[in-house]
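*Asks:* I need the structure of the sequence given here:
(one chain, ligands or ions: 1)
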Amino acid sequence: MKTYRRIVILTGAGISAESGLGTFRDKDGLWTKYDLRDVATPEGFARDPAFVHEFYNARRRGLLTAQPNAAHHALARLEAEHAGEVLIVTQNVDDLHERAGNRNLIHMHGELARIRCGICETVTEHRADIDLATICATCGRAGAMRPHVVWFGEMPLLMDEIHEALEACDLFVSIGTSGTVYPAAGFVAQVRRGRRALTVELNLDPSDGHSLFAERRYGNASEIVPAFVDEILRGEI
Ligand code: OAD
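*Replies:* Numbers count the residues shown, from 1 in each chain. Reported below is the predicted structural model:
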């Protein structure tokens, strides 16, 4: 029976699609309705901060009604029941993994439920709307609060910890991501170079980097993720 000692699971917008949160690049995805240069770059924020606040306020409000789906719950079960370590590295800014019960979790693109002061850099938990008048609870200044999300042109968070985990893992699973945004899109190649880990893609359709994965399963995350977790817990994969 196979037991993995260190599992790293990369997740993307596809795992939250069935919870009602839109993806970016699918038909009707966010980047078909908005120009990412307007709402997901420091330059866009500098040009029109009110518009960017409204975009993230709407997404933050969306979290209030979204619930974790069977795929999130299956990953929480894996972390709770698997004998080895399970680390989730998510590109998602929603909080559905933690609400399902995952604790060993890195939000490499930040979190919608946190805001950051551009003056004192303090990050605080915040679930209400923000605007140009929002005051930083730490330094008391207004006008510099921004969503604690990583924009294009900015460095994703905790990359040293992520690279270390990728080097050490013996199973790497990519779930619900199109494999188009780096550095996350390059994780599978990094793991393959180490020749130590099985690589698995679980997605609705083949991602851009699908051929780099040793195993691939396609379908809705709410169906294929629980089935895959059962296989790991039974030592069948
Ligand atoms: P994308 O929108 O690029 O890709 C979503 C993937 O999920 C696609 O490959 C879909 O086929 C798949 N998918 C859709 N519904 C699914 C379902 N029910 N079950 C399983 N898979 C499904 O989203 P990401 O790859 O997460 O970054 O995007 C990566 C980054 O690009 C995001 O973190 C964000 C975005 O711009 C920043 O904003 C910095």
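
*Asks:* Residue numbers of this protein in contact with the ligand?
*Replies:* Counting by Cβ under 6 Å from any ligand atom, the chain comes close to the ligand at 12-14, 17-18, 23-26, 29, 36, 40, 91, 109, 150, 152, 176-178, 180-181, 203-205, 207, 220-221. Using the backbone N, CA and C atoms, a C-beta is placed for each residue, glycine as well.

*Asks:* Which of the three states applies to the closest residue to Arg114 other than its chain neighbours?
*Replies:* Leaving aside its sequence neighbours, Arg114 sits nearest to His148 (Cβ to Cβ, 6 or more residues apart in numbering; 3.8 Å). Look at His148: counting by DSSP: H, G, I helix; E, B strand; the rest coil, its state is strand.

*Asks:* burial of His148, as a residue count?
*Replies:* Using other Cβ atoms under 10 Å, the number of residues around His148 comes to 22.

*Asks:* ok, Val8 - contacts?
*Replies:* Val8 is in contact with Leu87, Val89, Ala165, Leu166, Cys169, Leu171, Phe172, Val173, Phe187, Val191, counting by Cβ atoms under 8 Å, 6 or more residues apart in numbering.

*Asks:* Mind telling me what element it is part of?
*Replies:* Val8 is part of strand 6-11, with elements assigned from DSSP states H and E.

*Asks:* Buried residues of that strand, list them for me.
*Replies:* Arg6, Ile7, Val8, Ile9, Leu10, Thr11 (16 or more other Cβ atoms under 10 Å).

*Asks:* Same list (these) but as a markdown table, adding pLDDT and distance to Asn102.
*Replies:* A markdown table is the format used below for the buried residues of strand 6-11 (pLDDT from 0 to 100; distance: Cβ to Cβ, whole Å):
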| residue | pLDDT | distance to Asn102 |
| --- | --- | --- |
| Arg6 | 98 | 15 |
| Ile7 | 98 | 12 |
| Val8 | 98 | 13 |
| Ile9 | 99 | 9 |
| Leu10 | 99 | 13 |
| Thr11 | 99 | 10 |
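
*Asks:* Good, wrapping up.
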